[in-house]
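Trainee: need a structure here:
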Amino acid sequence: MSWYDIVLMIALILLSFSIILVFIRIVLGPTLPDRVISFDLIGTITIGMIAIYSITTGVESYMDAAIILSLVMFLGAIAFAYYMKKKKL
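Mentor: This is a model prediction of the structure:
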């Protein structure tokens, strides 16, 4: 096991820990925009984890899943912005 693999594993562990912290923010978030931004952050962290896992295993097709997830997250952010505009949050 090389230093490169060790650094990638440490990065995965830290990203997992950050998902736990963001989940706490979702539970404690006082407003709806706080919760939506937290969900978006979980998606972004998940994309990073998928990318690191793809590098670790050498399977490039996982990057396709990361790209699709980022596109869905973008559409979700647009839909929420539209909702906020209509509801005047």
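Trainee: any idea which element residue 59 lies in?
Mentor: Assigned by DSSP states H and E, residue 59 falls within no helix or strand.
Trainee: with residue 4 instead?
Mentor: Using DSSP H and E, residue 4 sits within helix 3-28.
Trainee: can you tell me the average pLDDT over that helix?
Mentor: In this model, helix 3-28 has an average pLDDT of 95.
Trainee: repeat for stretch 82-89
Mentor: With pLDDT averaged residue by residue, stretch 82-89 scores 81.
Trainee: not counting it itself, show me its contacts.
Mentor: Where contact means Cβ atoms under 8 Å, 6 or more residues apart in numbering, the residues beyond stretch 82-89 that reach it are 31-33. Bear in mind the C-beta positions are built from the backbone N, C-alpha and C, glycine included.
Trainee: got the residues you listed as a markdown table, with secondary structure, pLDDT and neighbour count columns?
Mentor: Formatted as a markdown table, the contacts of stretch 82-89 follow (DSSP: H, G, I helix; E, B strand; the rest coil; pLDDT from 0 to 100; neighbours: other Cβ atoms under 10 Å):
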| residue | secondary structure | pLDDT | neighbour count |
| --- | --- | --- | --- |
| 31 | coil | 89 | 9 |
| 32 | helix | 87 | 13 |
| 33 | helix | 87 | 13 |
